[in-house]
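**Student:** Here is a sequence together with a model predicted from it:
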Amino acid sequence: MISHTLAALTDPSNGPLFVLLISVAWVVISIAKFKLHPFLALMSAAIFVGLLSGPLPDPTIENKGLFHNRVELHDSEATHSNPSLSIKWSLLGFGNTAGGIGLIIALAAIVGTCMMKSGAAERVVRHLLQVFGEKRAGLVLLLSGFLLSIPVFFDTVFFLLIPLARAMSFRAGGRYLYFVMAMAGAGAITHSMVPPTPGPLMIAEFLSIELGHALIAGLVASVPIAVLVLWVSGCFDERMDIPMRPVAGIGNDDLKKTLEKDLQELPPLFLSYLPILLPVILISCVSLLKVLGGEGMNLGFLAPSLENPNFRILSFLGDPNIAMTLAAMVSIFLVVRQKQVLNDGEESSKSVFSKLLEAPLSTAGSIILITGAGGAYGGMIRLSGVGELIADFASRMELSHVFLAWAITAFIRIAQGSATVAMITGAGLMASIIGDGSGLSYHPTYVFLAIGFGSITLSWMNDSGFWVVQKLSGLTENEMLRTWSLLLTIISLCGLVLSLLGSAFFPFR
C-alpha cells in the first residue's frame, strides 16, 4: 500500500498536485504565521502557481475562458516559457473577480454602516422584541443576528447586538450565555451562507451559480440550522454557569438605556426593514420566476420572457448591482432623514455625510482586494490543471463532490482562521473540478452550500472573529473553546449532512 502511494506521489503527471499543496501551504503559513495581509498572500500564491505550472499560453480573447472552465492546455498553445505570463494571467483573474462583485461589496458596506448610524438596525431589533416579547428574547436575538448579518458584516452586527444581549440578561436575571450564543451563532450562519455578504457572493461567482439561486438556497439551508443554534445555545446555558462579567465600555447604565430608548428617535419600521428585504426580494424573485417558467407554469403577466415588458423591468430591478444600489439609496436616505446624525457639531451635513461613508468604503476596498486576489488564485489553480487530478482522485475514491468541497474549505479554515480565505480557496479549487457543474447529478448549489458550511468550522485562536466575540462578551478563552468553537463546528457538520441529504434526495437537476 505504501509503495503504491509513494509511486503515485512521485508520478510526474501529479505535478499540478504539488503546485496546489505548495501554494496552499504558502497561503496558510503566510497568513497564520507571518501575519501577511490576505491580499498579498493570495496574489503571491497566484503568481507562484503560474510560475510552477510551466509554460502558459498568452491571455488572448480566444482562451480567456481557461479561467472559468476546465480546458486542456495543448503544447501548441504554450509556445514558450515566459514568467511575465503568470503575472498577466493573475491580473486577469484579479480584474475579472473584482469587476464582477466589487460594486456589490461596496454597496453592502454602505448599507450596513447607514443602517447602524441611522438607527434602522436598532429599530428592526425593537420590532422583533415587540412581536415576540421579552420572554422569547433568545429568539429575538437569534432573528436579529440572522437578518442583520445578511447586509451587515458579522463584526458590526456583534458590536450592535452584544449590548442588547447584556441588557436582556440584566433584566432577565441570567441566561447570558444563551443570549450571546444564539445571537452570534445565527449571525455566523447568514454571514457565510447568504449573499450579498462577500463570502457567499464569491462562491456563487466562482461556481457560475445565478445569485438568486444562491440566495434562496442559502436562506433555505440556514433556517433549520438557526433553529438548531437556538437549542444548542440553551443546552450550553443549562450545563455551564457562566456569569455576565464587566466589559470595558459597557456599564449597567448603558444596559438600561439600551432597552429604554424612545422609538420616536428611530426611523419608521417599514423603511428600517427595506434595505434588508429589498435586495433579497428583487434578486430571488427573478430567479424564482425563471425556475417556475422553466417548469412550464403559466405565470401570465410575469412570464419570464424578454418579450414581456413586465419581466424586463423586473429583471432590471432584480439585477444584483441594481438591487443593492436601491438598498444603498434607501439606507442613505434614512441617515439623511435622521437630522441629529448629520447636524452634530459645527461641520456641514455634506462634510459629516462624506466622512460617514469613508469607513465602509475603506473596509469594502480591503475586501475587494482580497476577493480579487482570490479570483486570481482560483483562476491560476484552474489553469494549472490540478482540477482534473483531484476530480480523477475523487472519482476513484468515490468521494462526493459535496463532501470534498466541505473538507477542503474546512481544512483551510482551521489552518489559517479566515473564513473568507477558506471560501475563496475552496470555491476556486471546486470550480476547477466541476467546471460549470453540468457533469454533476445534482444542482451545483449543493457545492455552494458545502463550501459555505465548511468555512464556519472551528473558529479558534487564529480567527479574528473568535477574539471579537471573546473580548466583547467577557468569556474566557477556555469558555470560548467549549462554547463558540464547539457551536460553529456543530453548525458546520450539520450543514454538511443537510447538503449531502439534499443532493441525494432533492437533486433539482
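**Tutor:** Good, I have the coordinates.
**Student:** List the residue ranges of the stretch 201-350 of the chain that fall below the pLDDT cut-off.
**Tutor:** 247-261, 295, 339-350 (pLDDT under 70).
**Student:** If we use 50, what do you get?
**Tutor:** 342, 346 (pLDDT under 50).
**Student:** and Val223, how many residues sit next to it?
**Tutor:** 12 (other Cβ atoms under 10 Å). For glycine as for every other residue, the C-beta is placed from the backbone atoms N, C-alpha and C.
**Student:** Touching, Leu449 and Ala221? I think so.
**Tutor:** Yes: under the criterion of Cβ atoms under 8 Å, Leu449 makes contact with Ala221 at 5.3 Å.
**Student:** what do the two both touch?
**Tutor:** Shared contacts of Leu449 and Ala221, defined by Cβ atoms under 8 Å, 6 or more residues apart in numbering, comprise 193, 495, 498-499, 502.
**Student:** ranking the residues you listed by neighbours, who comes first?
**Tutor:** Neighbour-wise, the shared contacts of Leu449 and Ala221 (other Cβ under 10 Å) top out at Met193, 32 neighbours.
**Student:** dump the residue contacts of it.
**Tutor:** 200, 218-219, 221-222, 449, 452-453, 495.
**Student:** Over to Ile414?
**Tutor:** Ile414 is in contact with 457-458, 460, counting by Cβ under 8 Å, 6+ apart.
**Student:** Is it correct that it falls within a helix?
**Tutor:** Yes: assessed by DSSP: H, G, I helix; E, B strand; the rest coil, Ile414 belongs to a helix.
**Student:** mind checking how far it is from Arg382?
**Tutor:** Between Ile414 and Arg382 the distance is 24 Å, computed by Cβ to Cβ, to the nearest Å.
**Student:** List the buried residues of stretch 304-322.
**Tutor:** By 16 or more other Cβ atoms under 10 Å, the buried positions in stretch 304-322 come out as 304, 308, 311, 314-315, 317-318, 320.
**Student:** Which of the residues you listed fall in helices?
**Tutor:** Members of the buried residues of stretch 304-322 lying in helices (criterion: DSSP state H): 311, 314-315, 317-318, 320.
**Student:** nearest to Ser149, of those residues?
**Tutor:** Among those, Pro320 lies closest to Ser149 (Cβ to Cβ), at 17.9 Å.
**Student:** who are the neighbours in contact with the closest one?
**Tutor:** 104, 195-196, 211, 279, 283.
**Student:** ok so, going back, among the contacts of Met193, who's most crowded?
**Tutor:** Gly452 (35 neighbours).
**Student:** Secondary structure element for the residue nearest to the spatial centre of the chain, which one?
**Tutor:** Closest residue to the average C-alpha location of the chain: Gly199 at 2.6 Å, with Cα atoms, centre = their mean. Assigned by DSSP states H and E, Gly199 falls within helix 198-206.
**Student:** on contacts alone, who are the packing partners of that helix?
**Tutor:** Using 3 or more Cβ pairs under 8 Å, 6 or more residues apart in numbering; DSSP states H and E, the elements in contact with helix 198-206 are helix 83-118, helix 176-193, helix 211-239, helix 349-384, helix 419-434, helix 445-454.
**Student:** how far off helix 211-239 does the shortest one point, in degrees?
**Tutor:** Here helix 445-454 points in a direction 40 degrees away from that of helix 211-239 (axes from the mean of the first three to the mean of the last three Cα atoms, to 10 degrees).
**Student:** Likewise for the first one?
**Tutor:** Relative orientation of helix 83-118 with respect to helix 211-239: 60 degrees, computed using the same axes, to 10 degrees.
**Student:** Pull the next helix-or-strand element following helix 83-118 out as PDB, backbone CA atoms only.
**Tutor:** Remark: after helix 83-118, the chain's next helix or strand is helix 120-132, criterion DSSP H and E. Provided in PDB are the C-alpha atoms of helix 120-132 (Å, rounded to 0.1, in the frame of the first residue of the first chain):
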ATOM      1  CA  ALA A 120     -32.600  51.300  11.400                       C
ATOM      2  CA  ALA A 121     -30.800  48.200  12.700                       C
ATOM      3  CA  GLU A 122     -31.900  49.000  16.200                       C
ATOM      4  CA  ARG A 123     -35.500  49.600  15.000                       C
ATOM      5  CA  VAL A 124     -35.600  46.200  13.500                       C
ATOM      6  CA  VAL A 125     -34.500  44.600  16.800                       C
ATOM      7  CA  ARG A 126     -37.000  46.600  18.700                       C
ATOM      8  CA  HIS A 127     -39.800  45.400  16.400                       C
ATOM      9  CA  LEU A 128     -38.800  41.800  16.800                       C
ATOM     10  CA  LEU A 129     -38.700  42.300  20.600                       C
ATOM     11  CA  GLN A 130     -42.200  43.800  20.500                       C
ATOM     12  CA  VAL A 131     -43.600  40.900  18.300                       C
ATOM     13  CA  PHE A 132     -42.100  38.000  20.300                       C
END
